[in-house]
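S.K.: Please find the sequence and the predicted model below.
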Amino acid sequence: MRKLMFCFWGLLSFLGLFCNIGYAIEQDVSCVTINGEEIPFYWKGTVKVRKRADTSPCFSGVYDTQWTLNLRLKQSETYDVKFEKNEQLVGQFVKLEDYGSNWSGKEVGSYSITDGPYCHEGRFSGQGNGVGDVINEAYIYYSLSENDPLSDVLPNKSYFICARSGLAAKFSTHETKTTINLNSGHTNTSHLTWKNMAMLDYFIGKMFFGPTTKLSDPLYADEVLSKLSNFAMPAYDTQTRIIEDGKLKGSYKNGQDMGENLGVARKVINSADWNIVKRLDINPDIGKARKDWRPKGNGSETPVSISAELKEYSNLKGKWRFTLFEVSKEKGYCMNAGQDKDYDYEFVHGQPGFAEPKETDDGWEIETTETSNKVKVEILDNDYGAWAKIRAEVNVEGQWYLAKSEDGKEYVTIPYDDDEDHIADYWEEKNRVLSQEAIEDNDSKPEGTGCNREPGDGFSNYEEYRGFKINGEWSDTDPRHKDLFLCDQIGLDDGYYGQATGIHVHLINADEFNGVDSRVVNFNRGYGTLTSQDGQKGLWLKEERLDGGLVGTAQCIGTPNVVKWVKITTTYGKAIQAYQGLGKYEGKYGAHLKNRACTITHELGHATNLTHHGNVEAYYGDISVARQGGMYSGNIDCFMRYHDASQYIYKDGTGPYDYPSEQEPKWRSIFCQEKTGTGFNDPELEGTMDEKGRPYPVAGDATEGGACLNNITLKGYHYNGK
Amino acid sequence: MENRHKKISSIVLVCIVGLGLIFYLMKPSQKESTFKDKKEIIPVNLLITCFRATDNSPGVICMRIISRYLMQIKMDREVKKNNKNFKKLEPIKLKVPSDHYWKEHIDFLIFDKEGNDRLINDNMELVFSPEDKEMEIGPEGYHEVVFKVDPSVFSSGDDYIIAKGDLGPYSVVSNKRKVPKIKGSWEEKLKDRASNELILGEFEVLLETAKRIIGINPKSSTGYWYMGLANENFGHYKEALEAYKKAAKNFQYKKDEKEGIAEPPILLYSRIREVKKHLSN
């Protein structure tokens, strides 16, 4: 019995509490109380309005104007309604005013009319959008007494909303009018603009007051009854509308005959469809990702966290939902490794306080298992170029509220990327490319290298950010510094090429480009790749038998995208001693290996579009003969110049003279920056002769090539130094 | 009684830990890390290559021992700066007590296209290896080991070779090198054969092979080149010069802009000068 009493008492208490909450909501027209917090609310929803005029206004044809209103209305002024005699409060009018609504509208129409020998045809079109101007009057009536004398005409929670033609949103319509003379076939077309011809008008609910009604506070019931207009708007809404389940929801479609004109019956159809709900005026926040974080393609090692919070109301709690969307799905995990095409981000599984994530159409979704005021979620990346947007929503009292970031966006990006070019801003700042697009390729360093050519190395900023697997390790590359990838199957890497050019030469394994036949390094390219070429290729350096005393050759002169291979002749074993004459081979970096490194450097020069210094035939029978402006010309230290001929022909045709081998530098060491000859090729030696009677300069300035460093080209499809 | 309680407590504790472990292991796994293949960086690399000529002539397998330290110092400095996981490597020292070391420590395996492998160490003969018994594998360059290989081990052109084994404390695996296919024409086959004979230092057979090349193509620059090398090695400078001159006369420069560079045979011209010096002395 005591138990039964206790239950009964509990039930009463519960109902009492429930009623108190209801009472609190009704009492304060602009706030609700939740967990002791006074929280303002507003009305939010969509109204779709359409006015379709068939065979009107006066011709055969159609006008169709459609509006979409995103309403945000705030309860503002209130007007108490009292009995005149005893001052008893019987009800309250609550005025709604705009609180950040916006609208868009469009209009199309056409007509055709024959008038004597003329046929007039017209087409209308127009569209517009704007902020505000979506209502003229809107009221809700709350009945607060069982003896409310207005209840017959204004039931509790009746409402009306209206916008009258000309006072609210409007936009211009353009007409193209064509007049055809049916006798002559002559056509005349004119273009007209009808300023603000499309005007928003709709009436939701039977109106309480007319546009000129003045209200005072308090109002008295008798006065109200006299003021209630009971406007009949047969072409619009004819019903008294009442808030049901907390929603202003409904639709109508009514027509209005407009009589006949020129023998044609005219009719206008007005329709509206609305759904407006009460929303708490809360603004959850979503924090941005840490600025110095970037995806590392490595699963669980460094998850990034995103937090969200109901900052304004510390006692308010809700259920949270995070949605990762527009999640990138780049192939693999960097430009030249991995195969997967899965999402590049995912939520950490098994996070405390979260349910398991669910896959969506373009990402993932995860919800908390408990309500809270603030929350933090962890996200893993599986790609060095991973990018996504994430939004947070909180559900309070059954409705979801979208969190906004500090800059007012309804999402944040991962990584921190304000310009949304899929590259972490801190990386762009660090590499000074923040103002550039992801697709740009403007590498200009090292200074002078390739300065006569288009800047860049064939890899976009995004690709350099996403990075490469280089000799088994991932690395990003400098977007301002030229990069060249080389698969070396010899073991002498790039010789002196990187050292002499300043280009960052990356030694990659054979599986770090897509095979020796294709050689594309950025084979996992997708987002932000250059459209001017189909991938950037690396160079393939190999060792093979070369015929008849060749030491090395490139497949042709051109950029890495066209040069299929660079070959160096086989020099394994003791036999090297037999014909290289460069000292005893010890298997170490001795003279013959330095010589080979020079050869590699020379051939890599060809593979980055450098020619010889001249194209003049330098060989005569069984001896090598240098000639003016030929292969032996120009800067004597340049890797692209041939050296150590047997003889030379002077520029006046005299000779051959013995080539001054003793004056050759032992090793070549640079890529020249001018065509001008140096050493025994120096043009300033003109007219001089040595003690052996040899005239100078020997081969003079470079002709075809020269200025080698400045002409190095890494990107595009270029041949023969062009 | 107290001991009994302790015993029961211990059993309960073990059960709880065990259950925890089972639940942990049953927990749904994360997406597989893309870095599953990430392994410790070994400071030494093996680079192998293979040469074949004809079905009956010996093949050659060459192996270079390269320091990854060398590669690292050649790599972009930026890579190191930006990569927190960058582990600086140091040169390593390797003791090679005898020539047997290479075949004992390294397995040479041929894989067919189905992935079946077979060991070929018994079919290989060491021809050349570093003279130093204590090698430093560092920035000074690579070390080479050359083997002559019984041609029967190569069954098809789709096979590939891998060398793997232990170098000092490191387990290493070489690059995957495809077994080259035998060329179609006899002239090309013989040129490859001559190249192998040169690597192996077999100058007598090289001379014979050079003659066969010239027999097939009397204007073969390469044939005369090998003939000159063999003769020079025997000290037959007059014959060598004659062969080299014919090689120079018959040398074909590549002129097609997109298919070759007019690189001259500078080794040939340097040999001519050397041989002339010998003759003038």
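M.R.: Now that the structure is in, tell me what you want to look at. Numbers count the residues shown, from 1 in each chain, chains lettered A, B, ... in the order given.
S.K.: what about the residue in the stretch 401-550 of chain A that chain B sits nearest to, how many neighbours?
M.R.: Proximity of the stretch 401-550 of chain A to chain B (Cβ to the nearest Cβ) peaks at residue A:549, 3.0 Å away. For glycine as for every other residue, the C-beta is placed from the backbone atoms N, C-alpha and C. For residue A:549, the count of nearby residues is 27 (other Cβ atoms under 10 Å in any protein chain shown).
S.K.: Show the contacting residues for it.
M.R.: Going by Cβ atoms under 8 Å, 6 or more residues apart in numbering or on different chains, residue A:549 touches B:225, B:247, B:251, B:265-269, B:271.
S.K.: Top of those residues by number of neighbours, please.
M.R.: Highest neighbour count within those: residue B:225, with 31 neighbours (other Cβ under 10 Å).
S.K.: thought that one was touching residue A:550?
M.R.: No - if you go by Cβ atoms under 8 Å, residue B:225 and residue A:550 don't touch, sitting 9.5 Å apart.
S.K.: Can you pull the residues that touch both of those two?
M.R.: Shared contacts of residue B:225 and residue A:550, defined by Cβ under 8 Å, 6+ apart, are found at residue B:265.
S.K.: quick one: contacts of stretch A:43-54?
M.R.: Under the criterion Cβ under 8 Å, 6+ apart, residues A:62-75, A:96, A:109, A:134, A:161, A:200-202, A:204, A:248, A:258, A:266-279 lie in contact with stretch A:43-54.
S.K.: which residues in the chain form helices?
M.R.: Picked chain A for this. A:2-27, A:221-227, A:425-430, A:461-466, A:497-501, A:515-518, A:576-580, A:591-606, A:708-711 (DSSP state H).
S.K.: nope, chain B
M.R.: So, for chain B - with DSSP H - the helices run B:2-26, B:68-74, B:77-82, B:100-105, B:186-200, B:203-216, B:221-234, B:237-250, B:266-280.
S.K.: Go through the fourth one and flag the buried ones.
M.R.: Okay, so that is helix B:100-105. For helix B:100-105, burial by neighbour count (16 or more other Cβ atoms under 10 Å in any protein chain shown) applies to B:101-103.
S.K.: List the contacts of that helix.
M.R.: So helix B:100-105 is contacted by B:63, B:96, B:121, B:124, B:126, B:129, B:145, B:165-167 (Cβ under 8 Å, 6+ apart).
S.K.: hmm, try it at 6 Å
M.R.: Contact partners of helix B:100-105, identified using Cβ atoms under 6 Å, 6 or more residues apart in numbering or on different chains, comprise B:121, B:145, B:165-166.
S.K.: Out of those residues, flag the one nearest to chain A.
M.R.: Distances from chain A to the contacts of helix B:100-105, taken as Cβ to the nearest Cβ, are shortest for residue B:145 (8.7 Å).
S.K.: What is the neighbour count of that closest one?
M.R.: Applying other Cβ under 10 Å, we find 26 other residues in the vicinity of residue B:145.
S.K.: Run through the residues of the stretch 351-500 of chain A sitting next to chain B.
M.R.: Proximity of the stretch 351-500 of chain A to chain B (Cβ under 6 Å from any Cβ of the partner chain) is limited to residues A:382, A:471, A:475, A:478, A:491, A:493.
S.K.: beta partners of the most centrally placed residue in chain B?
M.R.: The centroid of chain B falls nearest to residue B:48 when counting by Cα atoms, centre = their mean (1.4 Å). Beta-bridge partners of residue B:48, counted by DSSP bridges, are residue B:63.
S.K.: Residue A:569 now?
M.R.: residue A:544.
S.K.: Give me the distance between it and residue A:487.
M.R.: Distance of residue A:569 to residue A:487, given as Cβ to Cβ, to the nearest Å: 18 Å.
S.K.: quick one on the thing from earlier: I'd like the distance between the residue of the stretch 401-550 of chain A closest to chain B and residue B:125.
M.R.: Counting by Cβ to Cβ, the separation of residue A:549 from residue B:125 is 28 Å.
S.K.: Flag the shaky bits of the chain, pLDDT-wise.
M.R.: All of this is about chain A. A:1-29, A:55-60, A:85, A:229-232, A:261-263, A:299-301, A:571-593, A:617-620 (pLDDT under 70).
S.K.: Actually, chain B is the one I wanted.
M.R.: Residue ranges of chain B with pLDDT under 70: B:1-43, B:68-90, B:138-141, B:156-157, B:255-260.
S.K.: contacting residues for residue B:230?
M.R.: By Cβ under 6 Å, 6+ apart, residue B:230 lies in contact with B:203, B:206-207.
S.K.: now residue A:466
M.R.: A:334-335, A:384-385.
S.K.: Redo these as a markdown table? Include neighbour count.
M.R.: Below are these laid out as a markdown table (neighbours: other Cβ atoms under 10 Å in any protein chain shown):
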| residue | neighbour count |
| --- | --- |
| A:334 | 23 |
| A:335 | 34 |
| A:384 | 27 |
| A:385 | 29 |
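S.K.: Make JSON lines out of those and add distance to residue A:34.
M.R.: What follows is those, written out as JSON lines (distance: Cβ to Cβ, whole Å):
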{"residue": "A:334", "distance to residue A:34": "49"}
{"residue": "A:335", "distance to residue A:34": "51"}
{"residue": "A:384", "distance to residue A:34": "45"}
{"residue": "A:385", "distance to residue A:34": "43"}
